[in-house]
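Enquirer: Have a look; sequence and predicted model below, questions after that.
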Amino acid sequence: MRERQALFELIKLLELSEDINVLLERLIYHASELMNAQGGLIRLIKDGNLYITATYNIQTDKKVIPLDEGICGMVIKEGKVRVFNKQELEGIELDIPAYSAICIPLKIEEAGGEKVIGTILIYNKLDSEEGLGEFTEEDISLGQLFYKAIGVVWVDNLYTKKPITEQDINFLKGFADQVAAAIENAWIFEKVEKAEKELEMLFNSITDLLYYTDEYYTIKKVNKAFLDKTGKEEKDVINKKCFQILHKTEYPPKNCPHKKAIENKKPAIAEIEENFLEGVYLLSSSPIFDKNGNLIGTINLGRDITELRNLREKIASMEKMAALGELAAKVAHEIRNPLLAIGGFAKRLDKSLQDENLKEYVRVIVDETKRLERILNETLSFVKPYYMGKKPFIINELINDVVNFTDSVLKDKNNELIVEIQEDCPVQGNYDRLKEVLLNIITNANEATQNGKIYLRLKKIGRLPESENLNEEYFVIEIEDTGCGISEENMKKLFTPFFTTKTNGTGLGLAISKRIIEDHGGIISVESELNKGTIFKIYLPVYQKRRSE
Amino acid sequence: MKIMVVDDEKNILMLYKAELEDEGYEVIPANSGKEALELFDKEKPDMVTLDIMMPDMDGIQVLRQLKQKDPNIPVIMLTAYDYRDDFSVWVSDAYIVKSSDLTNLKETIKQIAQKFGLQ
């Protein structure tokens, strides 16, 4: 019963242990103690040799021995349990002087049959004053029962001279079974651990968002890219609903492929624009089924295709523009000439008419023709690359010019223009084009503002933070209004051609402005808050006179 | 001063004629490139305004032939569309995008007349 209790405790230990070396050290210690033996050792096969992997109470120089050496070699070769008495051990090279021993091969089951993986050794029983024990035929046949176990046990009664009893053998048998199972478990654990680490590495190396969910949209596992993109920690994501994390909604969005995959039990793929994650994602969702074909979850892969889509849109818009350019040349000719005739003659009429009523009618014709011509010009200058000669000039002059020009328009809406100029800023550019930009933005500011203020500021700012051109110095023209502001939705489309919120606008003003500023090597940006106002910032490089050598 | 105005649209010729005559110029309207070349030899104008987009012979062809006949003849190109990136128009003396507001055209005529010493 002592043995059974000890065995029970040992098994518990074995099951808890994960490190194979710790496990074997414990094994050999417990085995020796329980057998009341002096000590023991375990050798395992590695690279065609037997290595000592664990010892208890034995000092030996023979850390590594060839596979065919000594009694361990014999046992491994025969694959059977062997019990040795003193006579049998004579002439065999041993780790210590030994009187008797039992060697058990450590075997594991493999696909191709059994495989010997090493040996277990226990020796020197200490609890008896009797003479040198010898193993009987019965002992040997009992030893055969170890055959299925994975170990070599070598028990030596050097001091105790007590023979190894049937009880000992029985204990060893049970013990060896446990050892084999435990070693196998530990090895499997190592393999699984390695495989898990590899899978984890693979999972996290994927730069696309990857996550598993169960069939109720509950996130079960996510990769590193997912956490990086959402800016969350694993604990804040696991067991949460994916739509809460990714879309910040209380239900899965209608067009979400994840929803389709779950509803149709088929893989689904779609492009999703996610404001909260700031981008367009190609989300593919594949259902996972159990053995019985029941849906148990989904695996989802989200790829950020924002850049790809922007590129695609750019190409589409370029194609559109090219087609439009061709059309524009024809339309321009067909429309401008009649407009010219209508407007021109209307003006002549205006000059010769005396009746004030008739004059007023004619002026309507003149004004409306002008408007049509303006729209035509804007459209044409957008679709056709325009000629742009650049000359150095001081931007301050342009600002003064623009201020004079806008004076009367501002008065109409009772807005005050406040000009703040810090210093002279020379620029290399096209005066008329830049004037167009400033007039455009000030006009917009004025239209958005009533009884308010419009600030026009000019200052040097040094280098642009994101600029590649580190030596270039920039100045900024800020146009700030206290008007109605721009909604977040409109903000995105602000510089898009043909986007307008005005009833009679062409939607080209800002698109053209942006192009002009970019053609000057500058940047135009905008910040806005609804009902507070808008600020446009135009960054342009300061003109540096070419340094004489 | 005699100005030949070339345009394929009769209404525009009529407008230009009226407006430029008001400015005190003598105006010779030509309704096509071919007519322009014929009238050029016959009337010997001091200046030419030339529409670019015309059927049969376009303004650029007319410009080349006029400059061959008389390299010193001032020519103002008028167009419905911006062709300034076309090198061939560079030999002209001015370039104006058509507009119902003729101020720009009248100003340009004055400037060129001054430059060429015309009365």
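Expert: Arrived safely, thanks for sending.
Enquirer: could you say what helices and strands the helix or strand where B:K42 lies packs with?
Expert: Assigned by DSSP states H and E, B:K42 falls within helix B:33-43. Helix B:33-43 is packed against strand B:2-6, strand B:26-30, strand B:47-51, helix B:59-69, with contacts defined by 3 or more CB pairs under 8 Å, 6 or more residues apart in numbering or on different chains; DSSP states H and E. All C-beta spots, glycine's among them, are computed from the backbone N, C-alpha and C.
Enquirer: buried residues in that helix?
Expert: Residues B:G33, B:E35, B:A36, B:L37, B:L39, B:F40 are the ones in helix B:33-43 that count as buried (16 or more other CB atoms under 10 Å in any protein chain shown).
Enquirer: Also stretch A:522-542?
Expert: A:522-524, A:526, A:528, A:533-542.
Enquirer: which one of these sits closest to chain B?
Expert: Minimum distance to chain B across those is 22.5 Å, recorded for A:G522 (CB to the nearest CB).
Enquirer: what number of residues lie near residue 98?
Expert: Since you didn't name a chain, this refers to chain A. The local packing of A:A98 (other CB atoms under 10 Å in any protein chain shown) involves 23 other residues.
Enquirer: that answer is for a different chain, and I need it for chain B
Expert: Quick note: B:K98 (other CB under 10 Å) scores 24 neighbours.
Enquirer: Let's see the pLDDT reported for it.
Expert: pLDDT for B:K98: 87.
Enquirer: Restricted to strands, list the buried residues of stretch A:522-542.
Expert: Those of these mapping onto strands are A:523-524, A:526, A:528, A:533-541, per DSSP state E.
Enquirer: Distance to chain B and pLDDT for those residues - can I get that in TSV?
Expert: As requested, those are exported to TSV (distance: CB to the nearest CB, whole Å; pLDDT from 0 to 100):
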residue	distance to chain B	pLDDT
A:I523	26	89
A:I524	23	91
A:V526	29	92
A:S528	33	90
A:G533	35	91
A:T534	32	93
A:I535	33	93
A:F536	27	94
A:K537	30	93
A:I538	25	93
A:Y539	28	91
A:L540	24	90
A:P541	25	88
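Enquirer: How about residues contacting stretch A:353-361?
Expert: A:D350, A:V362 (CB atoms under 8 Å, 6 or more residues apart in numbering or on different chains).
Enquirer: ok now that stretch, how far from the chain's centre?
Expert: 72 Å (CA atoms, centre = their mean, to the nearest Å).
Enquirer: neighbours of the residue nearest to A:K532 when sequence neighbours are not counted, just the number please.
Expert: Nearest residue to A:K532, sequence neighbours excluded (CB to CB, 6 or more residues apart in numbering or on different chains): A:G485, at 5.6 Å. By other CB under 10 Å, 19 other residues sit near A:G485.
Enquirer: same deal with the one 5 residues further on?
Expert: Look at A:N490: counted by other CB under 10 Å, it has 14 neighbours.
Enquirer: Enumerate the residues of chain B near chain A.
Expert: B:9, B:11-12, B:15, B:18-19, B:53, B:80-82, B:84-85, B:97-102 (CB under 8 Å from any CB of the partner chain).
Enquirer: Which residues are in contact with the residue in the stretch 201-350 of chain A positioned nearest to chain B?
Expert: Taking CB to the nearest CB, chain B has its nearest neighbour within the stretch 201-350 of chain A at A:G343, 2.4 Å off. Residues near A:G343 by CB under 8 Å, 6+ apart: A:I365, A:V366, A:T369, A:K370, A:E373, B:S99, B:S100, B:D101.
Enquirer: Noted, bye for now.
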